[in-house]
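**Student:** got a predicted model here, sequence first, then my questions.
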Amino acid sequence: MTAPLVHCVWRIEPDADRYGRVDVDDLEYFRTHFVGSSMEAQWQPPTLRLMPTRRKQADFVPWAGGVLLCSVRAKAVLSPLLRKCVEWLPCSSERGEVYFALNVLEIGDQLVDLPATKSLNSGHPAGFLLSRVRFLPQAAVSAPPIFRLRLGAPIPRPAHYVSSEVAASVAREQLKGIWLMNPERDEAMAYIRGEQMNDFPGIKT
């Protein structure tokens, strides 16, 4: 399934099956951190264990709670575009590889067409999660380069969304380990059906 190119906002999802993920000991940590507030002042750089299933060097690695780890190369490519929307919090792997945890500060609830979003998710057993999201037309000009959603929840939802400019940069620079998906698509069903997860032209997995 390929999303039409008219989409102005894209959901970014890490390709954990191909590139692996971080081994997580404390999920509770993510309930009070990475919630749209600055963390730079109190950040203590952790040493992370990358799961042994990781077979390739990735520019994006999933941590937990929707937090992305980005490579030095990804930071160099995206920093000029993401500007003050994020904090780049340094981490390292047990192998000594340097990564940056992406702390997304922008919340984009005002860009969501909430009635249409609820309709997209109606009848789904997990529809209350609003996993499929429709954005208002104004998102084409007013969406931040990257953001998360609260939609009434006390902390942001795990998914991240990027503008078409950022999506195009990811594709052009061939950053590895990420999918760019139509936000209206049922990601869980696509995964179960074994469908191609990426919707944006030019992404190289």
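**Tutor:** Right, received. Where do you want to start? Because the structure is predicted, anything quoted here is derived from the model rather than measured. Residues are numbered from 1 along each chain as shown.
**Student:** could I get the contacting residues of the residue nearest the centre of the chain?
**Tutor:** The residue lying closest to the centre of the chain (C-alpha atoms, centre = their mean) is H160, at 3.5 Å. H160 makes contact with 11-12, 66, 68, 102, 104, 146-148, according to C-beta atoms under 8 Å, 6 or more residues apart in numbering. Using the backbone N, CA and C atoms, a C-beta is placed for each residue, glycine as well.
**Student:** how does it look with 6 Å?
**Tutor:** Taking C-beta atoms under 6 Å, 6 or more residues apart in numbering, we find H160 in contact with 12, 104, 148.
**Student:** possible to save these as a markdown table with secondary structure and neighbour count?
**Tutor:** Output for the contacts of H160, formatted as a markdown table (DSSP: H, G, I helix; E, B strand; the rest coil; neighbours: other C-beta atoms under 10 Å):
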| residue | secondary structure | neighbour count |
| --- | --- | --- |
| I12 | strand | 21 |
| V104 | strand | 24 |
| R148 | strand | 23 |
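**Student:** tell me the one of these nearest Q44?
**Tutor:** The shortest approach to Q44 among the contacts of H160 belongs to V104, at 19.4 Å (C-beta to C-beta).
**Student:** so what's the closest one bridging to?
**Tutor:** V104 forms beta bridges with V86, as assigned by DSSP bridges.
**Student:** sorry, back to before: if the residue nearest to the centre of the chain is in a bridge, with which residues?
**Tutor:** Beta-bridge partners, per DSSP bridges, of H160: I12.
**Student:** ok, the closest residue to L175 other than its chain neighbours - how many residues close by?
**Tutor:** Using C-beta to C-beta, 6 or more residues apart in numbering and skipping the chain neighbours, the partner closest in space to L175 is D59 (4.1 Å). By the criterion of other C-beta atoms under 10 Å, D59 has 24 neighbours.
**Student:** secondary structure class for A167?
**Tutor:** Secondary structure, DSSP: H, G, I helix; E, B strand; the rest coil: A167 is helix.
**Student:** residues in contact with it?
**Tutor:** 10, 180, 200.
**Student:** can you list contacts of the longest helix along the chain?
**Tutor:** Across the chain, the longest stretch assigned as helix under DSSP state H is helix 72-82. For helix 72-82, contacts defined as C-beta under 6 Å, 6+ apart pick out 59, 88, 98, 100, 145-146, 166, 169, 173, 175.
**Student:** pick out the most distant pair among those.
**Tutor:** Using C-beta to C-beta, the pair of the contacts of helix 72-82 lying farthest apart is V98 and P145, separated by 22.7 Å.
**Student:** could you say which helix or strand holds the residue of the chain positioned farthest from its centre?
**Tutor:** In terms of distance from the mean C-alpha position of the chain, G123 ranks first, at 25.3 Å (C-alpha atoms, centre = their mean). For G123, there is no host helix or strand (DSSP states H and E).
**Student:** and which of the contacts of A167 is nearest to V24?
**Tutor:** Checking those against V24 with C-beta to C-beta, the nearest one is L180 at 24.5 Å.
**Student:** ok, now which ones touch the closest one?
**Tutor:** When contacts are counted by C-beta under 6 Å, 6+ apart, L180 touches 10, 12, 167, 200, 203.
**Student:** give me that answer again for 8 Å
**Tutor:** 10-12, 162, 167, 170-171, 198-200, 203 are the contacts of L180 under C-beta under 8 Å, 6+ apart.
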